[in-house]
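*Asks:* return atomic coordinates for the entry below.
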Amino acid sequence: MARLKTLDSRVKEGQGSRLKTITPGSWRSDKTSTQRGYGYKWQKARERYLLDNPLCVYCARHGLTTAASVVDHVTPHRGDQDLFWNQANWQPLCKPCHDSVKRAEEAAGIL
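*Replies:* Coordinates of the predicted model:
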């Protein structure tokens, strides 16, 4: 029986081991997460916020109790540092809600 040949990956890698999934022309293009504001200071602020706000607000709207793991910006900041650091613009979400419901809202232009 003949051996199967492996297929080459169709996903291109950026610098290091991180995959580039940024839309061309986006404010995020060619910036690292630290350059976009998600460095050490953000990680510490995120940790404190999640300690004070441990439950996903989207799940809570449906009567579910789910631990939040993401601090989401209610209004996308798009690089605006004042909006980025405004805690009134933050909300705790679980990763599934952030990666599905919130992303769909943004794509639909609801936000």
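
*Asks:* from here on, just use CA atoms for contacts and neighbour counts.
*Replies:* Fine.

*Asks:* contact partners of the longest helix anywhere in the chain?
*Replies:* The helix that spans the most residues within the chain, counting by DSSP state H, is helix 40-52. If you take CA atoms under 8 Å, 6 or more residues apart in numbering as the criterion, helix 40-52 is touched by 34, 68-71, 92.

*Asks:* mark which of those are part of helices, please.
*Replies:* Judged by DSSP H, the subset of the contacts of helix 40-52 located in helices is empty.

*Asks:* how about the residues you listed in CSV, adding distance to residue 52, neighbour count and pLDDT?
*Replies:* Listed next are the contacts of helix 40-52 as CSV, based on distance: CA to CA, whole Å; neighbours: other CA atoms under 10 Å; pLDDT from 0 to 100:
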residue, distance to residue 52, neighbour count, pLDDT
34, 24, 11, 72
68, 11, 23, 98
69, 12, 19, 97
70, 13, 23, 96
71, 11, 25, 97
92, 10, 25, 98
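
*Asks:* would you mind giving the residues you listed as TSV with distance to residue 44 added?
*Replies:* Formatted as TSV, the contacts of helix 40-52 follow (distance: CA to CA, whole Å):
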residue	distance to residue 44
34	13
68	16
69	13
70	13
71	12
92	15
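
*Asks:* so, low pLDDT: which residues of the chain?
*Replies:* Within the chain, the segments meeting pLDDT under 70 span 1-29, 33, 37, 111.

*Asks:* okay, helices next: where are they in the chain?
*Replies:* Going by DSSP H, the chain shows helices at 40-52, 57-61, 81-85, 95-97, 103-107.

*Asks:* out of those helices, which is closest to residue 30?
*Replies:* helix 81-85 (17.7 Å; CA to CA).

*Asks:* and the closest one, what's buried?
*Replies:* For helix 81-85, the neighbour count (16 or more other CA atoms under 10 Å) marks 83-84 as buried.
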